[in-house]
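Colleague: Based on what follows, work out the 3D shape:
(chains A and B)
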Amino acid sequence: LAKTTQPISMDSYEGQEVNITCSHNNIATNDYITWYQQFPSQGPRFIIQGYKTKVTNEVASLFIPADRKSSTLSLPRVSLSDTAVYYCLVAPDTGTASKLTFGTGTRLQVTL
Amino acid sequence: DTGVSQDPRHKITKRGQNVTFRCDPISEHNRLYWYRQTLGQGPEFLTYFQNEAQLEKSRLLSDRFSAERPKGSFSTLEIQRTEQGDSAMYLCASILSGSRGEQFFGPGTRLTVL
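Modeller: A predicted model of the protein is given here:
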């Protein structure tokens, strides 16, 4: 499985856009990139998934350059409730659900 | 609420005791996963079921751990002779086999071994 590297922590003020970059230099051709969010004392929650270029949903955007060796999760205008740990995962899409391999994640702290 | 429930939410036990946790996945989901998460770390895979069959076990799952999913619905994770190193959050997740992406996680069971 491709190893991922992301910042340990980030700080932001409420209302700002936050970009969290994940490095995955040895990503394989059939790997997808998935981001999860986790609040304290809760299980992780799926945010977004992509393969290349840009994906956007109601929560976030995911930017993936052509070489796919990195990806950036963009959270527009964060609020205090976005304070959480964000995990970048890379895993092959076999057409069936596979186990997830989490790293240590990025701890985002949003303040006023 | 993701639709996946876990019971109990918290468990405090003394070293050497046995504990059992329960996970109720989303009803139509046939794949069920167990993960363990220690403080400051991401969740680590323990084992998973396809219906009632246990298809993979991590090396983290020592012989003191056993998991079952007897009728392909709820699952239990038992830890025998608990040790202080077993203190962690135990997470359950479910997904429909053949679907991509999102695993639905329960709120977890936090185990403290004294």
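
Colleague: Quick check: phi and psi at the residue nearest the centre of chain A.
Modeller: With distances taken as CA atoms, centre = their mean, residue A:35 lies nearest the centre of chain A, 3.4 Å away. Main-chain torsions, residue A:35, degrees, to the nearest 10: phi -120, psi 140.

Colleague: so it bridges to which residues?
Modeller: In this entry, residue A:35 is beta-bridged to residue A:48, residue A:88, by DSSP bridges.

Colleague: Correct me if wrong: it contacts residue A:85.
Modeller: No: taking contacts as CB atoms under 8 Å, residue A:35 lies outside contact range of residue A:85: 11.1 Å. Using the backbone N, CA and C atoms, a C-beta is placed for each residue, glycine as well.

Colleague: Residue A:81 should be in a strand, yeah?
Modeller: No: assessed with DSSP: H, G, I helix; E, B strand; the rest coil, residue A:81 is helix; it does not lie in a strand.

Colleague: Could you list the low-confidence segments of the chain?
Modeller: You didn't say which chain, so I picked chain A. A:1-2, A:93-98 (pLDDT under 70).

Colleague: nope, chain B please
Modeller: Checking chain B against pLDDT under 70 turns up B:98-101.

Colleague: Please, where are all the strands along it?
Modeller: B:5-7, B:10-13, B:19-24, B:31-37, B:44-50, B:53-57, B:65-68, B:75-79, B:88-95, B:104-105, B:109-113 (DSSP state E).

Colleague: So which bits of chain A are right by chain B?
Modeller: A:32, A:34, A:41-46, A:49, A:85, A:87, A:93, A:95-97, A:99-105 (CB under 8 Å from any CB of the partner chain).

Colleague: Could you pick out the buried ones from these?
Modeller: A:32, A:34, A:42-46, A:49, A:85, A:87, A:97, A:99-103, A:105 (16 or more other CB atoms under 10 Å in any protein chain shown).

Colleague: center of chain B - which residue?
Modeller: Mean-position check on chain B, CA atoms, centre = their mean. Result residue B:34 at 3.4 Å.

Colleague: Spatially nearest residue to it (excluding sequence neighbours)?
Modeller: residue B:46 (4.3 Å; CB to CB, 6 or more residues apart in numbering or on different chains).

Colleague: Same question for residue B:2.
Modeller: residue B:104 (4.4 Å).

Colleague: what's the answer for residue B:15, then?
Modeller: Using CB to CB, 6+ apart, the nearest residue to residue B:15 is residue B:113, at 5.6 Å.
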